[in-house]
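Enquirer: can't give you the sequence, but here's the structure:
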């Protein structure tokens, strides 16, 4: 397998983009990534999207987006793994370059979630859970994560304030991200006192419904050195693992086994451990998710993720900043795009282009993108040029 | 890139499987492929499915199916390219093995289409067309292919009887396939006199709505020689190309450019031409599709596909049998599964296991799987052990 580098990234301003279509949002991000890479061609493209069918009445996105970019007849492949669709599209693009099948590959993700009403969006999102055993019975994602939070609290003593600290931190980070959906700080009291969605998760514990897209251009590392419009960021590891789809089948509701498994494989490929990371972009769809992810990644000890978040260790300026971009919580969560936006943040950080949210002297960055309640996880590790 | 072989295939009886769930159908085909291969492990799996969301309210299929097979935490990836989803899942599995990323990979496809009513199924299928410019205005797939047929008839003199000959042939073939949805022969007069769907296409020019799944196990050719439960069939070529999503953007409505492009690449990889093929399994979602596909593959001269079908050249016993399995027309068309079922037929034929529909002395087989009105095409070429 060939070494692979990311040479370009793009993303549009995320939010409720009622004036822009699904395809338009994607094209904006794709063109920016191509311009950033300085390439004059794309040989193949991958797009992550969770539910083009339920959100916009449009499937067949690989072909559509190659066409919209004016790049047909290049192969265009749509990949889906619920909220990990973007990370998985990036991984397939990585494999396409690493294998030698293609040289210049566009990885991308997109979701247009606000063309349907809230109930329809909640239904569409519920298709990431087990339709026969969870969603059919009325379970929604806030409900599922609330159960995970309750187990974590009961077993480890995790507190409401610790969970809320994740939201406070990520909104503080997101304030520095001009493309984030919500660039507003929130206080602990605001998070704790907000409208309850699924106890213990208030609405400010939850990531929002978002329209948005992100894209990245991957090439073989050898070619990257010749291109060099921007310094190439090396993909040091790529891993993907699954877990049971339904929460009730898990051995431990308070442990993200797919994340732990993918992280273990990724650390092995990169030959580093969590202590070597300069920062991590992780899947904080709910505050409890970030707490559990930091544990599964080995950033926090098991059961200690809440305390770590509260301590400032994972804040910008702390020992290992988590979600310097603002995370899903503040940046927004267009489900198919999230995994690729994490890659964009990692690339900006490792190039030293992250502006006011720059992690000092960043050398190694990790991205973790997760589907459903952790039934699938994709982890990538990136290295500074 | 490593040489890759198919060592196992599986498929269940296709039809209106109201008593079986989406996941159950898939597991049946997957287990059969694994048993046929004689492998004791699967390292990764790919599943093609067009619209789990609209047909069954279930996305996140990569994780779900790995889980249902009891194979989590292996990576499970869902791939979508409308009716070419299965072929594209097979191609991603091929790339995963060829690249060295994984050794034993399960490629699969599934669609459960009969849990919704006809109008909902028609809507779900319309998401393969251009939502903004075609389906929004009421165009359905029979309507789109009828327009392509009318252009072909006007330009080349293709007749209703020539198109109907495709249906007659494929039903005759499918009668010999115990897993086909419709094992009934039809006459020219029955096809011509059936209920009109979209002039000139009667209902017997159209493939049906089907529940079904298919699966295949791929390994490196070197490993295949050591396994040898069944003789390994080599993947001699894999190619994927796109075209405009909307029909009105095409330079020529009577020409399938994505198929021509993918075929050209595949013939180049396999170092053969259409004259070397022993048989082809192609995407006859409508009779006109098979006519146009045989032209784009170089089996028929441009404009002569109708005459070729009528002549018997593409029938079992003819010079180059097309769709010995019965094709989509008779075997059924569970959209995400079709491309993998084509691979199964190719493997059975090249092993000499196709029974009464066996193509004599089959050496090279081609599969062509297409999304929408040809906005995406995946072509594979297989070689006898």
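Expert: Looks like it arrived, so ask away. None of the values given here were measured: they were computed from a predicted structure.

Enquirer: Contacts only, for residue A:323.
Expert: A:169, A:170, A:173, A:280, A:281, A:282, A:284, A:290, A:314, A:329 (CB atoms under 8 Å, 6 or more residues apart in numbering or on different chains). (Glycine included, C-beta is placed from N, CA and C.)

Enquirer: go on, residue A:346?
Expert: Taking CB under 8 Å, 6+ apart, one finds A:233, A:279, A:281, A:365, A:366, A:367, A:380, A:382 in contact with residue A:346.

Enquirer: Look up phi and psi at the closest residue to the fourth one other than its chain neighbours.
Expert: Right, the one you point to is residue A:365. Of all residues beyond its chain neighbours, the one nearest residue A:365 is residue A:346 (4.0 Å), with distances taken as CB to CB, 6 or more residues apart in numbering or on different chains. Dihedral angles of residue A:346 (phi, psi; degrees, to the nearest 10) stand at phi -60, psi -40.

Enquirer: And residue A:373, by the same measure?
Expert: phi -90, psi 30.

Enquirer: Okay, it and chain B: tell me how far apart.
Expert: 10 Å (CB to the nearest CB, to the nearest Å).

Enquirer: What is the neighbour count of that residue?
Expert: By other CB atoms under 10 Å in any protein chain shown, 30 other residues sit near residue A:373.

Enquirer: farthest pair in the contacts of residue A:323?
Expert: A:280 and A:329 (14.4 Å; CB to CB).

Enquirer: ok, these two, which is more surrounded?
Expert: residue A:329 (31 against 27).

Enquirer: which SSE is the more buried one in?
Expert: For residue A:329, the host element (DSSP states H and E) is helix A:327-331.

Enquirer: same thing with residue A:381?
Expert: strand A:376-383.

Enquirer: who does that strand pair up with?
Expert: With DSSP bridges as the test, strand A:376-383 is paired with strand A:233-242 (antiparallel), strand A:364-371 (antiparallel).

Enquirer: burial measure for the residue in the stretch 1-150 of chain A positioned nearest to chain B, as a count.
Expert: Proximity of the stretch 1-150 of chain A to chain B (CB to the nearest CB) peaks at residue A:99, 2.9 Å away. Number of residues near residue A:99 (other CB under 10 Å) recorded here: 21.

Enquirer: Grab the nearest non-local neighbour of it.
Expert: Counting by CB to CB, 6+ apart, the residue nearest residue A:99 is residue B:99, at 2.9 Å.

Enquirer: Just the pLDDT at that neighbour, thanks.
Expert: Residue B:99 is assigned 90 on the pLDDT scale.

Enquirer: and if you look at the one 4 residues further on?
Expert: As summarised for this prediction, residue B:103 has a pLDDT of 97.

Enquirer: can you pull the contacts of it?
Expert: Per CB under 8 Å, 6+ apart, neighbours of residue B:103: B:43, B:97, B:219, B:220, B:223.

Enquirer: Phi first, then psi, for it.
Expert: Dihedral pair for residue B:103: phi -100, psi -50, per degrees, to the nearest 10.

Enquirer: quick revisit: list only those of the contacts of residue A:323 flagged as buried.
Expert: Applying 16 or more other CB atoms under 10 Å in any protein chain shown to the contacts of residue A:323, the neighbour count classes A:169, A:170, A:173, A:280, A:281, A:282, A:284, A:290, A:314, A:329 as buried.

Enquirer: which is the next helix or strand following the helix or strand encompassing the second one?
Expert: If I follow you right, that is residue A:170. Assigned by DSSP H and E, residue A:170 falls within helix A:160-174. Counting by DSSP H and E, the element after helix A:160-174 in chain order, helix or strand, is helix A:188-193.

Enquirer: For burial, what's the neighbour tally of residue A:24?
Expert: For residue A:24, using other CB under 10 Å, the count is 14.

Enquirer: Who are the contact partners of it?
Expert: Counted by CB under 8 Å, 6+ apart, residue A:24 has zero contacts.

Enquirer: ditto for residue A:23
Expert: Residue A:23 neighbours (CB under 8 Å, 6+ apart): A:64, A:65, A:68, B:132.

Enquirer: Could you do residue A:126 as well?
Expert: Here residue A:126 is in contact with A:134, A:135, A:139, A:140, A:141, B:57 (CB under 8 Å, 6+ apart).

Enquirer: Please list the members of these that lie in helices.
Expert: If you go by DSSP state H, the contacts of residue A:126 have residue A:141 in helices.

Enquirer: ok, of the contacts of residue A:126, which one's closest to residue A:13?
Expert: Among the contacts of residue A:126, and counting by CB to CB, the member closest to residue A:13 is residue A:141, at 24.8 Å.

Enquirer: okay, now the residue nearest to the closest one when sequence neighbours are not counted: neighbour count?
Expert: In space, and not counting its chain neighbours, residue A:141 is closest to residue A:125: 5.7 Å by CB to CB, 6+ apart. Using other CB under 10 Å, residue A:125 is surrounded by 26 other residues.

Enquirer: Kindly report the same for residue A:172.
Expert: 17.

Enquirer: ok, it touching residue A:315?
Expert: Yes - counting by CB atoms under 8 Å, residue A:315 is a contact partner of residue A:172 at 7.3 Å.

Enquirer: for residue A:115, what are its contacts?
Expert: Each residue near residue A:115 by CB under 8 Å, 6+ apart is listed here: A:18, A:22, A:55, A:56.

Enquirer: 10 Å - rerun?
Expert: When contacts are counted by CB atoms under 10 Å, 6 or more residues apart in numbering or on different chains, residue A:115 is found next to A:17, A:18, A:21, A:22, A:55, A:56, A:57, A:121, A:211.

Enquirer: what about it, distance to residue A:288?
Expert: Distance, residue A:115 to residue A:288, by CB to CB, to the nearest Å: 29 Å.

Enquirer: Close to chain B: what parts of the stretch 201-350 of chain A are there?
Expert: A:238-246, A:249, A:257-258, A:260-262, A:265, A:335 (CB under 10 Å from any CB of the partner chain).

Enquirer: List buried residues within the residues you listed.
Expert: A:238-246, A:257-258, A:260-262, A:265, A:335.

Enquirer: So what's the residue count around the residue nearest to residue A:234 when sequence neighbours are not counted?
Expert: Nearest non-adjacent residue to residue A:234, counting by CB to CB, 6+ apart: residue A:383, 4.5 Å away. If you count neighbours by other CB under 10 Å, residue A:383 ends up with 18.

Enquirer: Tell me the bridge partners for residue A:383.
Expert: Here residue A:383, judged by DSSP bridges, has bridge partners residue A:234, residue A:364.

Enquirer: so where do the helices sit in the stretch 201-350 of chain A?
Expert: With DSSP state H, counting those that start in this stretch as the criterion, the stretch 201-350 of chain A has helices at A:221-227, A:257-270, A:287-296, A:305-311, A:327-331, A:338-351.

Enquirer: Summarise which helices and strands the shortest one is packed against.
Expert: The elements that helix A:327-331 packs onto, with contact taken as 3 or more CB pairs under 10 Å, 6 or more residues apart in numbering or on different chains; DSSP states H and E, are helix A:160-174, strand A:279-281, helix A:287-296, helix A:338-351.

Enquirer: Which one of those lies nearest to residue B:199?
Expert: helix A:338-351 (44.7 Å).

Enquirer: How far does that closest one sit from its chain's centre?
Expert: 9 Å (CA atoms, centre = their mean, to the nearest Å).

Enquirer: burial count for the closest residue to residue A:314 other than its chain neighbours?
Expert: Nearest non-adjacent residue to residue A:314, counting by CB to CB, 6+ apart: residue A:322, 3.9 Å away. Using other CB under 10 Å, residue A:322 has 31 neighbouring residues.

Enquirer: what's the pLDDT at residue A:322?
Expert: At residue A:322, the model reports a pLDDT of 98.

Enquirer: That one and residue A:316 touch, don't they?
Expert: Yes - under the criterion of CB atoms under 10 Å, residue A:322 makes contact with residue A:316 at 9.4 Å.

Enquirer: Mind listing the shared neighbours of these two?
Expert: Joint contacts of residue A:322 and residue A:316 (CB under 10 Å, 6+ apart) are A:169, A:173, A:279.

Enquirer: Thanks a lot, see you next time.
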